[in-house]
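# model this:
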Amino acid sequence: QVQLVESGGGLVQTGGSLRLSCAVSGRAGTDYAMGWFRQAPGKERESVAHISWNGGSTYVADSVKGRFTISRDNAKNTAYLQMNSLKPEDTAVYYCAARAGTYLILRGYEYWGQGTQVTVSS
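Next up, the predicted model:
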């Protein structure tokens with residue numbers, strides 16, 4: 001059983017920063033590609049950022065490029081989303097996802113976290 005647990009969400013003012021964490025537990029010895037998605041009320045889920053197993057390949061959506069950075073620490077089985085210069089339109093529930101494999105992927109994830117709320121006040 002693979003489990004993903006997000007943390008680090010909260011309320012922040014416009015221009016502030018947050019770092020989300022996603023801890024993966026479960027099948028030992030399995031490599032995982034990971035990603036972050038978000039969903040605002042009344043909107044479809046949006047792809048935010050993705051990273052390959054070794055961190056050598058990353059993708060960041062245009063809507064957050066230059067402000068968000070994805071990284072990972074495999075020793076801690078944890079992926080991170082550093083969010084800077086936050087805007088009210090970044091307000092959403094943020095989900096992390098994982099899929100067994102080493103390559104960067106943008107979709108087709110197998111496992112999902114429960115989500116963490118990020119609220120940016122104006």
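# can you confirm Glu89 is in a helix?
Yes. According to DSSP: H, G, I helix; E, B strand; the rest coil, Glu89 belongs to a helix.
# and it, what does it touch?
Applying C-beta atoms under 8 Å, 6 or more residues apart in numbering to Glu89 gives the contacts 40, 120. In this view, the C-beta of every residue, glycine as well, is placed from N, C-alpha and C.
# and the one 5 residues further on, by the same measure?
The neighbourhood of Tyr94, defined by C-beta under 8 Å, 6+ apart, consists of 6, 9, 20, 36-38, 48, 81, 115-118.
# who is the residue lying closest to it once chain neighbours are set aside paired with across the strands?
Leaving aside its sequence neighbours, Tyr94 sits nearest to Arg38 (C-beta to C-beta, 6 or more residues apart in numbering; 4.8 Å). Per DSSP bridges, the residues bridged to Arg38 are Glu46, Tyr94.
# what's the neighbour count on Arg38?
If you count neighbours by other C-beta atoms under 10 Å, Arg38 ends up with 24.
# thanks again, I'm all set now.
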